[in-house]
Every structure is written in C-alpha cells, then in structure tokens.
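Participant: Take a look and give me a structure for this.
(one chain, ligands or ions: 1)
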Amino acid sequence: IKTIGVLTSGGDAPGMNAAIRAVVRVGISAGLKVKGIRRGYAGLLEEDIIDMTAESVSDIIQRGGTIIYTARCNEFKTPEGQQKGADILRKHNIDGLVVIGGDGSFQGAKKLAGLGINTVALPGTIDLDITCTDYTIGFDTAVNTAMEAIDKVRDTSTSHERCSIIEVMGRNAGYIALWCGIANGAEEVLITERYDHNEQAIIDNILQKKKVGKRHHIIVNAEGIGDSFGMAKRIEAATGVETRATVIGHIQRGGSPTCKDRVYASIMGAKAVDLLTEGKSNRVIGYRGGEFVDYDIDEALSMTKDVDQYVYETARRLSR
Ligand code: F6P
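Facilitator: Below is the predicted model of the structure:
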C-alpha cells in the first residue's frame, strides 16, 4: 500500500475530525501518501479528492463536524456507482481507503473491497446503533449535549410545574434517550425498542406523581417514537398539567467533541491505518469488552444488538 484515502459519510459526528487527523498523521509517519475524499461517496464519484498533509489536520481535533464534509449518496448504492468509485480510486492510485460513517457507509466499503480496494471502516454516528461495537464516534459528545439541554428544560419545567417531553436524536435507536433518561433523572424514557404505545399508563403516572407532590414531569422521547408535539397536546388534555414538547435536533450533532470521543476516534483512526499497512481489507473497527477490535465487514453487518435490558429496567426503576 502506498496511498490511502479517507472519507466521512452519512450524518456527521463530533470526533470525526480526530479520526481523520489520526489517519493522516499515522499514514504519513508510515511513509504513505494520504488523500482526503470530500463529501463521502458523492464526492468520490465527482473526484473531489485533495492531498492531505500533517499540517492540513492541525487545529481540528477540538472541532465538531468533519473538515472533509459528508453526504449521503444514492448513486453509490448501485453496482455502476460502486464500479465508478473503484475506478476513480485506482486512477488516483488510492489502494487503501478508510471510511468513517454508519452501517450504510460500511456497505459501500464492503462493495469497494469486493472490487479490489482495501477498505477499513470506522463507526462514526451519534446514534450508537452499529451492532459490532459498544462505542461509536460522536455518541459521547451528543449524549452530553442532549443531557445539558434536558437539564435546562428541566429548570423551566420545574418553575412552571409542567410536564416536558424532550425528543432526542437516534433515528430508530434509543441509546441517546436511554442514557439521558438515567442521566437527567427523567420520569419516563420512551424508546422504540421497548415502547408499548400505552399512553394511558404515562398519563396515570403523571397524575399519580402530581398527587405525591412532584413539581415537574420529564419525558425523554427517542426520535423513533415521533409525534412529541401531538403527545404533549394529548397529555395536557388528559391530565390538566401544562405540557410542552422540545425537539433538541441538530445541536446534538455539533460541538466540540468530548475527551472520550477525541481519544477513541484517534485510536480507531490509527488502527485503521495499521490494518491497511498489514494488508488487511474489508474490516470494521469496534470497541468491545474494553478493547479496540476489528471484524470482517460482512460479519459485522450480520451482528445484532439490542439495548441492555438491565440498563433499561434500571432507568425505569430510578424514575419511580
Ligand atoms: O444518524 C444521525 C442522525 O442525526 C440521526 O439521529 C437522525 O435521525 C438523522 O441523522 C438526521 O439526519 P439529517 O441530518 O439528514 O436530517
């Protein structure tokens, strides 16, 4: 391997810059040329490829987002798009590629590996919904941002003796919601993986808590539950407790990464280069059982995971 490329794909996540920096610096110290492919697979198909130097990644470890931009790309899901991508990589002498993104991005890396490009993928998403790993780049920052936002909503919720529904991101996964449920001392955590759509039980709970003197009621809603505003109206009508919904939204994707995201992303970036220089391909890096590990992408994509039942039950027990 002489030249490697790095791209970020799908939703951005704080810590991606730390991973890019590690790929570039470790690659250059291993004697490789490193190229940045801007705007993910979309940029690859447009040959938006730049040379990276050690200096080009200075002053970025503390910044949110991704300096090489990101995108979602439908064309790359087609065999023609994938072949075109592999041809462009070859034209630029890129024989190893580091892909930072979620499950969808891993599919692309797998296809490129099948077309002869050595690929290593890193889990980059705030959602923590990648099955082969207990850690994804960006989750720690995002969940801390959400936690701080919920603390703020809680202040005003208490002052007004209201019920507050706060919707956090996560697509169909409930990890951000579950962690905030515990960290923010929420009265309810609704996650797609467990919610039984029994709104009456929530209403009864609010009324019962009101009776015992609770001055606010915090409900953390995972994005996948949806309809937070509708739920607020229905709850207010049924309980007589003023209820507001807040959707935290994209601020969860931005901001300076936490120490954990900077360090883990840096280690994963370094490991990706090590795997490529060892001649490995079609690998994805994960963090499991306290160790940084790597799996075959096909094996990783066939894994399943669920929220930890004990953690979920603990969140519920703590809210009583
Ligand atoms: O996957 C990250 C994520 O922020 C999800 O939590 C959310 O559902 C989605 O991306 C939002 O995507 P977009 O930025 O395209 O609206």
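Participant: contacts for stretch 207-216?
Facilitator: Here stretch 207-216 makes contact (C-beta atoms under 8 Å, 6 or more residues apart in numbering) with Arg154, Ser157, Thr158, Glu161, Arg162, Cys163, Ser164, Glu187, His217, Thr239, Val241. Where C-beta positions appear, they are placed from N, C-alpha and C, glycine not excepted.
Participant: need the residues of the protein near the ligand, please.
Facilitator: Gly11, Thr125, Ile126, Asp127, Met169, Gly170, Arg171, Glu223, Arg253 (C-beta under 6 Å from any ligand atom).
Participant: Redo those as TSV? Include neighbour count, pLDDT and secondary structure.
Facilitator: Shown next, in TSV, are the residues of the chain next to the ligand (neighbours: other C-beta atoms under 10 Å; pLDDT from 0 to 100; DSSP: H, G, I helix; E, B strand; the rest coil):
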residue	neighbour count	pLDDT	secondary structure
Gly11	21	97	coil
Thr125	27	98	coil
Ile126	32	98	coil
Asp127	26	98	coil
Met169	24	98	coil
Gly170	29	98	coil
Arg171	16	96	coil
Glu223	23	98	helix
Arg253	19	98	helix
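Participant: Only the buried subset of the contacts of stretch 207-216, as a PyMOL command please.
Facilitator: Buried subset of the contacts of stretch 207-216, written as a PyMOL selection, criterion 16 or more other C-beta atoms under 10 Å:
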select buried, resi 154+157+162+163+164+187+217+239+241
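Participant: all helices of the chain, in order?
Facilitator: 16-29, 40-45, 79-91, 103-114, 139-159, 175-183, 199-211, 228-239, 259-277, 297-302, 309-318 (DSSP state H).
Participant: unless I'm mixing things up, Thr192 is touching Ile176, no?
Facilitator: No - using C-beta atoms under 8 Å, Thr192 is not in contact with Ile176, being 11.9 Å away.
Participant: Name the nearest residue to Gly255, ignoring sequence neighbours.
Facilitator: Nearest non-adjacent residue to Gly255, counting by C-beta to C-beta, 6 or more residues apart in numbering: Gly64, 4.8 Å away.
Participant: swap in Lys260?
Facilitator: That would be Asp140: by C-beta to C-beta, 6+ apart, it lies 4.5 Å from Lys260.
Participant: quick one: that neighbour and Val263 touch, right?
Facilitator: No - contact criterion C-beta under 8 Å: Asp140 and Val263 do not qualify, at 10.0 Å.
Participant: So which of those two has more stuff around it?
Facilitator: Between Asp140 and Val263, counting by other C-beta atoms under 10 Å, Asp140 is the more crowded of the two (25 against 15).
Participant: List the contacts of the more buried one.
Facilitator: Gly15, Pro257, Thr258, Lys260, Asp261, Tyr264.
Participant: what does Arg194 give?
Facilitator: With the criterion set at C-beta under 8 Å, 6+ apart, Arg194 makes contact with Gly174, Val307, Tyr312.
Participant: Give me the contacts around stretch 290-299.
Facilitator: Contacts of stretch 290-299 (C-beta under 8 Å, 6+ apart): 106, 109-110, 113, 119-121, 132, 267-268, 271, 275, 280, 282-287, 303.
Participant: Let's test this: mean pLDDT of that stretch, rounded?
Facilitator: Mean pLDDT, stretch 290-299: 97.
Participant: okay, it in CSV with CA atoms only?
Facilitator: This file holds the C-alpha atoms of stretch 290-299, laid out as CSV (Å, rounded to 0.1, in the frame of the first residue of the first chain):
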residue,chain,number,x,y,z
GLY,A,290,-12.9,-2.8,26.9
GLU,A,291,-10.7,-3.4,23.8
PHE,A,292,-10.4,-2.0,20.3
VAL,A,293,-11.1,-4.9,18.0
ASP,A,294,-11.7,-5.4,14.3
TYR,A,295,-14.2,-7.6,12.4
ASP,A,296,-14.8,-8.7,8.8
ILE,A,297,-17.4,-6.2,7.5
ASP,A,298,-19.8,-9.0,6.5
GLU,A,299,-19.6,-10.5,9.9
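Participant: Relative to the whole chain's centre, how far out is it?
Facilitator: Distance of stretch 290-299 from the chain centroid (C-alpha atoms, centre = their mean, to the nearest Å) equals 17 Å.
Participant: Emit the ChimeraX select command for whichever of the contacts of stretch 290-299 are buried.
Facilitator: A single ChimeraX command suffices to select whichever of the contacts of stretch 290-299 are buried according to 16+ other C-beta under 10 Å:
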select :106,109,110,113,119,120,121,132,267,268,271,275,280,282,283,284,285,286,287
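Participant: mind checking how far Gln83 is from the ligand?
Facilitator: According to C-beta to the nearest ligand atom, to the nearest Å, Gln83 stands 27 Å off from the ligand.
Participant: and that residue, what does it touch?
Facilitator: Leu115.
Participant: separation between it and Gly181?
Facilitator: 45 Å (C-beta to C-beta, to the nearest Å).
Participant: One more: Lys152?
Facilitator: Lys152 is 16 Å from Gly181, by C-beta to C-beta.
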